[in-house]
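Colleague: whatever this is, show me its structure:
(chains A and B)
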Protein chains: 2
Amino acid sequence: MSELPGDAVGVGLVGLGTIGTGTARILLEHAELIRERLGHPLELVRIADLDLGSDRGIDLSGFDCSSDWRDVIGDPRVGLVVELVGGTGVAREIVIAALEAGKGVVTANKALLAHHGFEIYETAARCGIEIGFEASVAGTIPVLRALREGLCADRLEQVFGIVNGTCNYILSEMDEHGEPYESCLKRAQDLGYAEADPSFDVDGTDSAHKLAILCGLAFGVQIGPEEIATEGIEKISAVDIDYARRFGFRIKLLAIAKRSEAGLEARVHPTLLPCESMLARTGGAMNAVEVRGQKSGPTVYYGAGAGADPTASAVVADLMELARSRKLGPAAGGVRVPPLGTPTLRALPVRRLEDLEGEFYLRFDALDRPGVLAHLAGALGDRDIGIASLLQLEERRSEAVPVVLLTHRVKEAALRAALAEVARLGDICSTPRLLRIEREL
Amino acid sequence: MSELPGDAVGVGLVGLGTIGTGTARILLEHAELIRERLGHPLELVRIADLDLGSDRGIDLSGFDCSSDWRDVIGDPRVGLVVELVGGTGVAREIVIAALEAGKGVVTANKALLAHHGFEIYETAARCGIEIGFEASVAGTIPVLRALREGLCADRLEQVFGIVNGTCNYILSEMDEHGEPYESCLKRAQDLGYAEADPSFDVDGTDSAHKLAILCGLAFGVQIGPEEIATEGIEKISAVDIDYARRFGFRIKLLAIAKRSEAGLEARVHPTLLPCESMLARTGGAMNAVEVRGQKSGPTVYYGAGAGADPTASAVVADLMELARSRKLGPAAGGVRVPPLGTPTLRALPVRRLEDLEGEFYLRFDALDRPGVLAHLAGALGDRDIGIASLLQLEERRSEAVPVVLLTHRVKEAALRAALAEVARLGDICSTPRLLRIEREL
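Modeller: Have a look, this model is predicted:
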């Protein structure tokens, strides 16, 4: 076991996957730059991973490697532990054990923080130890720092954005090439943008995890991912993307949180955004988050939401911040910005989707017979649901004709009731496609 | 003199103009929120301004007011001093005196930091005191924090953006309404987006100040605003905006810095940007800054670059950060992220504009006679300057016809030589309009 120079802060890395390898690479390649900026070295001293045999393109011979994460935490040279194991099982054990051993912790694990964040923040506060998790939301983009520091003097009202690169890549490809969901997903997998099992990305779970973290920081509220109404992109078809575009919209998977007197809105779903908006223009696998505050107004943060290098860059930035705090002495420990893990975190009622008002995109596969449009319009009109635009298309799909319309603002419950009435009338061949519209910027 | 509660940090405010009043208002309106997030109160205790009589819409009766800034620094209750006087004279005295008295300093004064930043950062480091200046660049947008913290593990290569809201408002209005510069400037003044004397904004000086600050943080280099090649928007005409648009570009005043082996590029000038880029789409008085790093890739930060509330929100966020450090004890003092005010700051040769390569927009007012176009094309071709697009317009302006063209990449010196040759040939009636093109995102 090599000795650590007296002024260095030692880093232990648990989990040598894509981001772990990227983190090791930055610590090695940028060692001089980091030393210069910190005033002392930040040295990777120990690594744990179950698979130490694979070639990852970096030379591990200088490090003590082990398959047991306990070796990392037990190493007296290690002052900071990076958890990049993923998941909510052993990752939780690692993080809690590291905090209790007095080690600073950096993690990119959004599932862990979404499910066990409050236990972890409380443990960190109790132990007087800092935890960095910038990389858990929107990869390289320092949006958590913006919420914790840059905007901390303001009362924030909304935070929403594109926080899943996989979904954004698929939707952007569908939009650009008019291709079906399946082939774009396949391409995302081939290019490494999507996992072999992409469920957590495409069904919105990953975005909901990130939204739970954002809600904690933006509003100081404790919310579990299961409280977030979540809908994925699996059912988005190329025709919806095409029709949306004819109305001047693009479809993006958004994570949306808004705080008002009535409570908290927190939802993840495919959303129609005006083509010219910044979020609509966020293409490829990029992420973008918009925050709206009473005094600060709208601010937008754009960048790479995934990928080894961008995400690892955020991990190492957190390590540098924690190293700085450790150097400044134990008094400087503790979670720097209190909203998380302190008594100021509070529960706020989460509003039901049905109670929210909004504009909607509806696509019906209507039977091609007289009176169908009148029935549709009637069912909506009876509930005071105004039609903003309507597109009845020549293109026939077997026996059905597509009818696409945008509503004026309406409570979702009223719209659902109207759709039930439409279904009862028997004029449509399948469940209508309902998508929510958000206008911004 | 009222006493300060034992756990409060006292704030003294010097300069009660627009931003000063906004700062006082946030400290009062958000007092409870700030106390909750900090764990202790942040209390405005003393104000200095030469004019204490004007009604600013806030009640100053609870504060000790004075016309001498020395009273603020001398007040033992004041732990943090906010300098919002502006300019580089007395503001410098105030900041240095506050640091030397052991008070944390927050300022929004870009001119001061651009001209005397290094003296100030060194004083802060010597005194072990922090200085916050997030509000000095791009108002409410926490882009300095992004550079100092979020991206601190990365080697940054470029930082560029729209950092002057006045110019962006004028150019956006010219673009939207096809109006001349003068009437849009007048409107900006009527709406409070431009000062009565707008020189420092429209001639690019203000943007150069901000770029000097950005260069220090992004690259760790010390550069004075006089080293930045600076061109304003005063000569931009509505026809240039119109022609640029026909080629798919918008004109924005950009501050641009790039670091390479060859040295540092640092320049401020009107720039043609592809219409669809994020910066081109930054309208009104908004600001946007893009950063490019080796590992992090491109990130963009968008928001309000001016205005009392947005800027004051950044001032108070800095106050909260400094208050936190003070509470954590003197060990936590000192400039948190070292690139500024430490030996790591270095000089880097600034490259001459003539040596840079780029694409250019050129507008000639050519005489309406045979052979003119051949002469023009010949002068360019002789120096291997390729023409990417050319627009010769019917619209006659008195005896001249406008010829607009975009070049391929070329060294500016070669282009200048070709333009001298064109002038010598006597085919054009006025100095050609030369604008630089940047492609990004």
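Colleague: which residues of the stretch 101-250 of chain A fall in helices?
Modeller: Ranges of helices in the stretch 101-250 of chain A, per DSSP state H, counting those that start in this stretch, are A:110-127, A:143-145, A:165-177, A:181-190, A:199-202, A:205-219, A:238-246.
Colleague: and chain B, is the last one touching that?
Modeller: It refers to helix A:238-246. No: using CB under 8 Å from any CB of the partner chain, helix A:238-246 stays clear of chain B, coming no nearer than 15.1 Å. (Glycine included, C-beta is placed from N, CA and C.)
Colleague: could I get the helices of the stretch 101-250 of chain A as TSV with mean pLDDT and mean neighbour count?
Modeller: TSV is the format used below for the helices of the stretch 101-250 of chain A (pLDDT from 0 to 100; neighbours: other CB atoms under 10 Å in any protein chain shown):
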stretch	mean pLDDT	mean neighbour count
helix A:110-127	91	21
helix A:143-145	95	30
helix A:165-177	97	23
helix A:181-190	96	17
helix A:199-202	97	20
helix A:205-219	95	26
helix A:238-246	95	18
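Colleague: buried stuff in stretch A:369-376?
Modeller: Using 16 or more other CB atoms under 10 Å in any protein chain shown as the test for burial, stretch A:369-376 gives A:V372, A:L373, A:H375, A:L376.
Colleague: could you identify the most distant pair in the residues you listed?
Modeller: By the measure CB to CB, A:L373 and A:H375 form the most distant pair in these, at 7.3 Å.
Colleague: pop out the phi and psi values for the spatially most distant residue from the centre of chain A.
Modeller: Going by CA atoms, centre = their mean, the residue of chain A most distant from its centre is A:P370, 45.9 Å out. Phi and psi for A:P370, reported as degrees, to the nearest 10, are phi -60, psi 150.
Colleague: give me the neighbour count for A:R439.
Modeller: Residues lying near A:R439 (other CB atoms under 10 Å in any protein chain shown) number 11.
Colleague: leaving out chain neighbours, which residue sits closest to it?
Modeller: The shortest distance from A:R439 to any non-neighbouring residue, by CB to CB, 6 or more residues apart in numbering or on different chains, is to A:P274 (5.9 Å).
Colleague: tell me who's in contact with that neighbour.
Modeller: A:G248, A:F249, A:A280, A:R439, A:E440 (CB atoms under 8 Å, 6 or more residues apart in numbering or on different chains).
Colleague: A:L419 now?
Modeller: A:L362, A:A379, A:P432, A:L434.
Colleague: tell me how far it lies from B:G128.
Modeller: Plainly put, A:L419 is 66 Å away from B:G128 if you go by CB to CB, to the nearest Å.
Colleague: buried residues in the longest helix seen in chain A?
Modeller: Longest helix of chain A, by residue count under DSSP state H: helix A:308-327. Of all the residues in helix A:308-327, those buried under the rule 16+ other CB under 10 Å are A:308-326.
Colleague: also stretch A:421-433?
Modeller: For stretch A:421-433, by 16+ other CB under 10 Å, it's A:E421, A:V422, A:D427, A:I428, A:P432, A:R433.
Colleague: what lies in contact with that stretch?
Modeller: So stretch A:421-433 is contacted by A:235, A:237, A:240, A:361-367, A:369, A:371-372, A:375-376, A:379, A:382, A:399-400, A:419 (CB under 8 Å, 6+ apart).
Colleague: how distant is it from the center of its chain?
Modeller: Remark: stretch A:421-433 is offset 34 Å from the chain centroid, using CA atoms, centre = their mean, to the nearest Å.
Colleague: check the model's average confidence along that stretch for me.
Modeller: The pLDDT scores in stretch A:421-433 average 90.
Colleague: one step back: the buried residues of helix A:308-327 also near chain B: which ones?
Modeller: Checking those against chain B (CB under 8 Å from any CB), the matches are A:D309, A:P310, A:A312, A:S313, A:A314, A:V315, A:V316, A:A317, A:L319, A:M320, A:E321, A:R324.
Colleague: format these as a markdown table; extra columns: pLDDT.
Modeller: Below are those laid out as a markdown table (pLDDT from 0 to 100):
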| residue | pLDDT |
| --- | --- |
| A:D309 | 96 |
| A:P310 | 96 |
| A:A312 | 97 |
| A:S313 | 97 |
| A:A314 | 97 |
| A:V315 | 98 |
| A:V316 | 98 |
| A:A317 | 96 |
| A:L319 | 96 |
| A:M320 | 93 |
| A:E321 | 89 |
| A:R324 | 84 |
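Colleague: sorry, back to before: look up how far A:R245 lies from the residue nearest to A:R439.
Modeller: 11 Å.
Colleague: now swap in A:I34 and tell me
Modeller: For A:I34, the distance to A:R245 - CB to CB - is 46 Å.
Colleague: how far away is A:R292 from A:K210?
Modeller: 18 Å.
Colleague: how is chain A carved up into domains?
Modeller: Using automatic domain parsing, the domain parsing of chain A gives A:9-139+A:308-332, A:143-304, A:353-437.
Colleague: got the contact list for stretch A:84-104?
Modeller: A:12-17, A:19-20, A:23, A:69-70, A:73-74, A:78-81, A:83, A:105, A:107-109, A:111-112, A:115-116, A:119-120, A:123-124, A:127, A:129-132, A:315, A:322-323, A:325-326.
Colleague: now that stretch, how far from the chain's geometric center?
Modeller: Centroid separation for stretch A:84-104 versus its chain: 21 Å, with CA atoms, centre = their mean.
Colleague: try stretch A:49-68
Modeller: For stretch A:49-68, the distance to the chain centre is 30 Å (CA atoms, centre = their mean).
Colleague: buried stuff in that stretch?
Modeller: Those would be A:D49, A:R56, A:L60, A:F63, A:D64, A:C65, A:S66, for stretch A:49-68 by 16+ other CB under 10 Å.
Colleague: just give the nearest non-adjacent residue to the fifth one, would you?
Modeller: The one in question is A:D64. Of all residues not flanking A:D64 in the chain, A:R46 sits nearest, at 4.8 Å (CB to CB, 6+ apart).
Colleague: the one you found: how many residues sit nearby?
Modeller: Neighbours of A:R46 using other CB under 10 Å come to 23.
Colleague: SS state for it?
Modeller: Recorded secondary structure, A:R46: strand (DSSP: H, G, I helix; E, B strand; the rest coil).
Colleague: show me what contacts it?
Modeller: Counting by CB under 8 Å, 6+ apart, A:R46 has contacts A:G10, A:G12, A:L13, A:F63, A:D64, A:C65, A:S66, A:D71, A:V72, A:D75, A:R77, A:V78.
Colleague: same check on A:G20?
Modeller: A:L13, A:V14, A:I47, A:D49, A:V82, A:L84.
Colleague: ok, A:V404 next?
Modeller: A:Y243, A:F247, A:Y361, A:L362, A:R363, A:F364, A:L390, A:L391, A:Q392, A:L393.
Colleague: doesn't A:D368 make contact with the last one?
Modeller: No: the pair A:L393 and A:D368 fails to qualify as a contact (CB atoms under 8 Å) at a distance of 11.3 Å.
Colleague: what touches both of those two?
Modeller: Counting by CB under 8 Å, 6+ apart, the residues touching both A:L393 and A:D368 are A:V401.
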